[in-house]
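Peer 1: give me a model of this one.
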Amino acid sequence: MRKFIYLCSHLCVQVPLLPIAVLTVIPLAVCPSWRPWGAADIPVLGNPGVGQWIVIIVVAYTIIDTVRGMIDDLRHGRVGVDLLAVVAIAATVAVQEYWASWAVVLMISSGEAIEEYAQSKAESSLTALMTAAPQTAHVVRRPGVGVAGVNTGDGSDGSSDDRGDGFRKVAALPSSAASGSSDAATSHYDTVAVESVTPGDVLIVLPGETVPVDGELLSGSATLDLSNINGEPVPREVFAGARVMSGAVNGSTTLTMRAAEAARDSQYQRILALVAAAQDSRPAVVKTADVLAVPFTVLALAIAAVAWLVSGVPTRFAQVLVLATPCPLLIAAPVAYVAGTGRLAKSGILIKTQDVLENLGRVTHVFFDKTGTLTVKQPQVTRVEMLPGAGTHLNEDHVLMMAGVVETYSVHILAKGIAKAGTEALSRLHRRFEEGQRLCPQPDADWPGHGRDYPVVKHIDEDAGKGISGEVNGHKVRVGRLSFAASGEDGFLPVERIVPGRATTDGDRRPGKQGEGRLADEIRTRFGMLAPDEMASYVSVDGHLIARIVLRDVPRANAKSALASLRGLGIAKLSMLTGDKRSSAAIIASEVGIDDVHAELFPEDKVTAVTTATVTPSRGVTMMVGDGVNDAPVLAAADIGMAMTDGTSTAASESAQVVILNDDIAAVPRAIAIARRTKRVMLQAVLAGLALALIGMVAAAFNLIPVVVGAFLQEAIDVVSILWALTALLDRD
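Peer 2: The predicted structure is shown next:
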């Protein structure tokens, strides 16, 4: 009940004519013909009573307000088509049908209220995004905290004891303050408007609060809910130095961060800018609806005029017009499209204009970038090959763990894939140990996964372009190119140890490139050949080459099903554009189900491929789906550019019309399905509303519907049309 009362009060504030129209019924019903001034006929109006005069005054106000709105529409380039409402209400007064006049006023005001409710309901997902925008920030004012590189001391001698990280050395806290109390860490801050935050400020974000601006995490770790940004349902744990984004919701512990951007330049504000642009835009189909309202108005006036002329009864003119307001065109069409935009936003898909929603439903050809779009963003480990004859007691999980530990410190393109596989291997080793399995004999029980929760890592050293080395639990591990992993401390390959059973020559023993090349070829032969789309890192432990980790670019888990869904929507043309080798591209294409492959392309070649399809006669609408910075030109070249991001980057999205915030390729067919259903619902609402209005006008022309009944019937038609448009919010795809 409280919610209903709030809704009614809100609508009355937004549409003040509504309560006025409702209250007008009281004098009209109680004293319609009371004339304390006696007989005083007025041309056209006659001699109305007090209640009737009140209706006339309300009608005059309604006409003036409606005409003002029509003029404002014309100034903004839109056709003012409320003419029917103005003529209808004036006609009812002219024929002295005051109850009908009141009914039309009520119809107009309640129609505006219904439109207000429908718009707010349709925009609910978009409004939720905006209301979640951070408004305040807690700026730390503790002594010793300042902008990086700037002395924050109080001395006037100009000296600086800043350590370069934004904090300067300060005296130790009293033992009571250093006891771990969160109050000691968070009590010295000022709460300011988020617009007041400047890059370099150190901020405190309390548990459950929204991160106000983009920045860098200073705390050791934090758990962030990114659902407002990219729809990710599971909170993400990040560590010191990680980027934290505005709009993320902090977990159960206080975090400290340094602002990297002003509020206006932060990630969440970029998202809100896209939302605002979509809300303010008008799709071509809605503009067309405005234009269609003009011939509808002409048709309604013609039917009303003919009914008057044929019957000779002026009331017949008003009877027809009260049923003729084009609300299905004026309200239902935009409501349906705003509802569709809201559904997209709820699914983590943002569009820049509502025209995109119209075009999405007409897509006939989709181009995909390969790496990072059809495939995961980094090469993944597919298998570990142990070197035949290496004579080690380690297995594949040991190798993955050792390699993963050192690769955690690398910036190489393959490092993340190996580190991820290493983490999974560590879990398996721990599980085996807990189950009582002891594969490593003494004294090797200190290998990772055998009793220790975390391996001890020392002496990490990366040789750019070659590999990385380090100590893991006291064992020397080298991961990288074959020549790097197999070389000894002196940097040369120990030929006689790795190639047993063959007499070594002086040329083999010399540290020259000829001997190294011959040895490398023999080692590769022992491992076996790699497939065209595979790459490898070699692993040695304590100077012994023992294994090869094979990685490849693997398709996203749901890429094949997403493309199958596109075909189910009738999109037969699916193409891949990639700069990768043709052999590698062909393998990925066959796995995800794409026949049309364009490989070994430069960015300009991708643009040419899309442009050619775009200008082809009878082409339909082309769409390009990509994720990287180098996709920006081709995203702009397509009719629709769709950027897949995880909500943390907007490089490709700057030139895209559609932005997927949850980095899920399944959002591609979902976006098209939502767009098609939105248009279908809009057309159903408009055509049903206009058809019912036309039937009502014809019936009124034959005097089958009284003028008062017609006014309320038109209101019912509007409600049906608008409520049908709101079904675009329902998830029925």
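Peer 1: can you tell me the closest non-neighbouring residue to Ala88?
Peer 2: In this structure, Ala88 finds its nearest non-sequential neighbour in Leu321, 3.7 Å apart by CB to CB, 6 or more residues apart in numbering. For the C-beta atoms, the positions are set from N, CA and C on the backbone; glycine is no exception.
Peer 1: report pLDDT for that neighbour.
Peer 2: pLDDT, Leu321: 88.
Peer 1: burial measure for it, as a count.
Peer 2: Neighbour count for Leu321, taken as other CB atoms under 10 Å: 31.
Peer 1: how about it, what does it touch?
Peer 2: Leu321 makes contacts with 84, 87-88, 91, 300-301, 304, as judged by CB atoms under 8 Å, 6 or more residues apart in numbering.
Peer 1: how near is it to Asp718?
Peer 2: Using CB to CB, to the nearest Å, Leu321 is found at 15 Å from Asp718.
Peer 1: ditto for Leu18
Peer 2: 14 Å.
Peer 1: compare the two (neighbour count), which wins?
Peer 2: The neighbour count for Leu18 versus Asp718, taken as other CB under 10 Å, is higher for Asp718 (25 against 22).
Peer 1: quick one: classify the more buried one as helix, strand or coil.
Peer 2: Classification of Asp718 by DSSP: H, G, I helix; E, B strand; the rest coil places it in helix.
Peer 1: okay, now the unreliable bits of the stretch 451-600 of the chain?
Peer 2: Along the stretch 451-600 of the chain, segments meeting pLDDT under 70 span 451-453, 488-525.
Peer 1: can you give me the helices in it?
Peer 2: 482-486, 495-498, 506-509, 513-527, 559-568, 582-592 (DSSP state H, counting those that start in this stretch).
Peer 1: and the helix or strand hosting Leu723, what's its mean pLDDT?
Peer 2: Per DSSP states H and E: Leu723 is located in helix 707-726. For helix 707-726, mean pLDDT rounds to 85.
Peer 1: try stretch 378-392
Peer 2: Summarised as a single mean, pLDDT over stretch 378-392 is 84.
Peer 1: which positions in it come out as buried?
Peer 2: Neighbour-count burial for stretch 378-392 flags 378-381, 384-387 (criterion: 16 or more other CB atoms under 10 Å).
Peer 1: nearest to Met401 among those?
Peer 2: Ranked by distance to Met401 (CB to CB), the buried residues of stretch 378-392 are led by Val384 at 10.6 Å.
Peer 1: name whatever forms a beta bridge with that closest one.
Peer 2: Beta-bridge partners of Val384, counted by DSSP bridges, are Ile549.
Peer 1: OK, contacts around it?
Peer 2: By CB under 8 Å, 6+ apart, the residues touching Val384 are 396, 399-400, 547-550.
Peer 1: could you redo the last one with a cut-off of 10 Å?
Peer 2: With contact taken as CB atoms under 10 Å, 6 or more residues apart in numbering, Val384 is in contact with 395-400, 403, 421, 425, 539, 546-550.
Peer 1: how about the lengthiest helix in the chain, which residues are buried there?
Peer 2: In the chain, with assignment by DSSP state H, the single longest helix is helix 667-701. Within helix 667-701, the residues that count as buried by 16+ other CB under 10 Å are 667-679, 681-682, 684-686, 688-690, 692-694, 696-697, 699-701.
Peer 1: and if you look at stretch 575-594?
Peer 2: For stretch 575-594, the neighbour count (16+ other CB under 10 Å) marks 575-580, 584-589, 592-594 as buried.
Peer 1: hmm, which two among those residues are most spread apart?
Peer 2: So, these by CB to CB: farthest apart are Gly579 and Gly593, at 21.1 Å.
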